[in-house]
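okay, sequence plus prediction incoming.
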Amino acid sequence: MRKLGLIAMMTFAGVFATSAQTTPEKAPEKTTELNEVTIIKTKKAIEQKADRTIFNFSDQPSLNTGSVLEGIKKLPGLIASDIAGMMYQGKQLDVFMDGRPLNISTNELNAFLEGMPANAIEKIEIITQPGAEFPATSGGAILNIITNKNAKNYLSATYTNSTSFTSYDDVRWRMNNSLLLSAKNKYFGWQLNLGQNYRESAVWASLEKQENGINSLLSKTDADRVGRNNFIKSALTFDIGKDRLLLNYDITHNNNNSYTLGNGPGFSTNDASMSSGLRQDAVVTYQKKFENTAKKLEFKFNYNNNTNDFELSPVGNSLVTLANSSHQNLYNAKVDFSQPIKFSDEGKLSLGALYEELLFDAASRGVTNLEYKRRTAASYVEVQTKFDKMNFIVGGRAEEYNITGKTDVAVLSAFKQFRFFPNASAQYNFSNSVNFNMNYNKKITLPSTSALNPNNTNYQNPNVDYSGNPNLQPTIFDNYEVKLSAFDYAFISYNISSAKNQVINRVTLDSDLVVNTNENIPEVKIHNFSVGMPIPYMLFTKGLAETLKMNVNPDTMNFLYVYAGYQYHQIPNVDTNGFWMLNFMSQLVLPEKIKFVANYNYIIPKGNYFYFIAVEPIRNSLDLTFSKKFLKDQLTLSIYADDVLNTNRNAFNSFETPLLISSKQDTRKFGFSLNYKIPTKNKLAKENPNLLNKEKKEDDGILNQ
């Protein structure tokens, strides 16, 4: 019985995740006037699905009070750093926004995510097992940032603000504001989301050579940074008969400055750097509708333009040390079709095709020194079916690559290949809430243009240099995973990601010059074991029997969510150590319905992240948030303190290089945020009764695609 009790406690993991939801009854045939309809739907903080994990940002002040990058770093199982890159449960992440690849990475990606306020997004999906419908270039996994909002049949307006300051050695301010407007009628819908982000920050870094037990300083820097980011996201949707036309246009502009004091053996510098970027993204989508709503045909065209400029020069000196720029154009056209098939209990057939062309060039002091061109043609087919308690997915994606380019001194090695990428998934459903699944897929990652760029877009001094590698080759992944999920919150999983020609960041030492670049390593296997489980505090006060009787809203539940993950990087001819990642998130509902959330992340040091050995944990932070709703839940006010113990710092050794790389940022900050759903006076300010249709799909009314 004791064992059964323990099992019951584990499978209970998501009892409080089930939403308190009204189920409207079918309206009688006689005419009845509906004066007002209220639909209650509670969003789940974390939702586990067969191929992805979904984190709700919009309703979690503990995640959405800062930048998107700060919120992402708090997610259990995720590593995000300049050195280790971005990984989730051992898998390299390809970052998407609203289902489309951002096509930026490394420093540009971090700057983009740091400049975007987290309260401008709805949720984040981490797709750990991308199927054939996703590009094979998604690599190990996909992090999809969803900004979609459902347009209602009246004007809705939401204003959000977050203001904070850090006080490590000086007071530095951060502020972001955003306004979301949307409306919909029987002819068209529209949405406009605009905002800004201003942030002051500091970073202290040092590079030391370790020889014979003696540390000698190579470089020490003290940088003050100011970042400015403005964005507009717009969308229009038109109903053309039963069909739908969607138009999206996004524009993001950033303007960042940094002032850096540097010193080392024989030099002392005082430099200023400026980086600016303009990103534009336009999408046209046509959705063909059928009598059978499960049958879908979609045509989509996407154009993306990304321009960046970087300058570095001594303060008070007109002489420019670095003047580098890059320009990227991306064209993408694809078609997707799916329909149900009569095979066993139920099933679905999906197929589609894609053509993509990317043009990238980089210049130094106005002289173009990299021209890169990539063409991709792809097609896929995937079948989903169900036999009793078993679900199966089998698919394949064929992609052909034609990659060419040249620098100012040589022609790059061309990559012209045709490859087939299979995927398969099997899931056994013990019940509606408990399942076990096994997954396999083969993927590829093409080198990012940021990693290829031969020009330095970072700070440098006489002992520090950064450069890309135009000769990087694609990485091939074989991904395997087994996972047991209980309800939406509890799970246990093990996965292996085997990569050939893995692209990694490498730091080497040439005399006293520290060189940062990227290179391929022949082979690496990443093993990852993860387990997550919530523990309701009422277990200790009411006992298991009473707890199991409860079915409550998670917003009113006191609980502790525990996550633990073990990751091991297996590299041939390299002696590596694994490491543990721990996350504890506690929620308490205090008197007056004040919600208190404490989030603690810790990664045990001494583990290997590819060719780096962590001397100190990559993440060691305690974050606290108090939030309360006012004005009939229209206003949410939050007060927060991040890294309250000021323990978050990084230190690494570099493999086969006598280097100690350490850095500290002013991550301890205090602030408040508010989210105000502005009341709108409108004759249509009621839900359309048609919204009560049970068959209505979740994506109906979404403006961003």
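Arrived safely. Numbers count the residues shown, from 1 in each chain.

contacts and neighbour counts: CA atoms only from here.
Noted.

for the stretch 201-350 of the chain, what spans make up the strands?
Under the criterion DSSP state E, counting those that start in this stretch, the stretch 201-350 of the chain carries strands at the ranges 214-240, 243-264, 267-288, 296-314, 322-340, 346-364.

out of these, nearest to Y611?
strand 214-240 (20.3 Å; CA to CA).

now do that closest one against strand 267-288, angle only.
20 degrees (axes from the mean of the first three to the mean of the last three CA atoms, to 10 degrees).

show me what strand 214-240 pairs with in its sheet, parallel or antiparallel.
strand 188-211 (antiparallel), strand 243-264 (antiparallel) (DSSP bridges).

which residues sit in contact with L181?
By CA atoms under 8 Å, 6 or more residues apart in numbering, L181 lies in contact with 155-158, 191-193.

change it to 10 Å
Going by CA atoms under 10 Å, 6 or more residues apart in numbering, L181 touches 149, 151, 155-159, 190-194, 234, 678.

check L322 too.
L322 touches 273, 310-313, 364-365, 455-460, counting by CA under 10 Å, 6+ apart.

which helix or strand contains the most centrally placed residue in the chain?
Most central in the chain under CA atoms, centre = their mean is L143, positioned 4.0 Å from the mean C-alpha point. Following DSSP states H and E, one finds L143 within strand 141-146.

shaky segments in this structure?
The model of the chain has pLDDT under 70 over residues 1-43, 50, 82-85, 105-107, 148-153, 343-345, 487-488, 547-555, 681-705.

how many neighbours does the nearest residue to F559 once chain neighbours are set aside have?
Nearest residue to F559 in three dimensions, chain neighbours excluded: P536, at 4.1 Å (CA to CA, 6 or more residues apart in numbering). P536 is flanked by 23 other residues according to other CA atoms under 10 Å.

my guess is P536 meets N558, correct?
Yes: the pair P536 and N558 passes the contact test of CA atoms under 10 Å, sitting 6.0 Å apart.

about what we covered before: ok, the strand holding L143: who's next to it in the sheet?
Strand 141-146 is paired, per DSSP bridges, with strand 91-97 (parallel), strand 123-127 (antiparallel).

switch those over to CSV; also include distance to Y380 and mean neighbour count.
Listed next are the strands paired with strand 141-146 as CSV, based on distance: least, CA to CA, whole Å; neighbours: other CA atoms under 10 Å:
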stretch, distance to Y380, mean neighbour count
strand 91-97, 20, 22
strand 123-127, 18, 23
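
turn those strands into a markdown table, including distance to N501.
Listed next are the strands paired with strand 141-146 as a markdown table, based on distance: least, CA to CA, whole Å:
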| stretch | distance to N501 |
| --- | --- |
| strand 91-97 | 13 |
| strand 123-127 | 23 |
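
can you say which of those is nearest to I72?
strand 123-127 (8.6 Å).

and that closest one, how far out from the chain's middle?
7 Å (CA atoms, centre = their mean, to the nearest Å).

one more: stretch 185-192?
Chain-centre distance of stretch 185-192: 28 Å, with CA atoms, centre = their mean.

how about stretch 439-452?
16 Å.

end to end on it, go ahead and measure it.
32 Å (CA to CA, to the nearest Å).

quick one, what contacts D281?
100, 102, 233, 248-252, 302-306, 330.

and these, which are buried?
With burial judged by 16 or more other CA atoms under 10 Å, the buried subset of the contacts of D281 is 100, 102, 233, 248-252, 302-306, 330.

for those, which one is nearest E481?
R100 (24.5 Å).

quick one: residues contacting that closest one.
Contact partners of R100, counting by CA under 10 Å, 6+ apart, are 134, 144-145, 281, 283, 302, 332, 705.

after the biggest helix by length in the chain, next one along is what?
Across the chain, the helix with the greatest residue count (assigned by DSSP state H) is helix 538-549. Going down the chain from helix 538-549, the next helix or strand is strand 559-570, by DSSP H and E.

may I see the buried residues of that following strand?
For strand 559-570, the neighbour count (16+ other CA under 10 Å) marks 559-570 as buried.

then stretch 301-317?
301-314.

could you verify that I72 is part of a helix?
Yes: under DSSP: H, G, I helix; E, B strand; the rest coil, I72 sits within a helix.

and the two most separated of the contacts of D281?
Going by CA to CA, the pair spanning those furthest: K233 and L330, at 18.6 Å.

I am finished for the moment; much appreciated.
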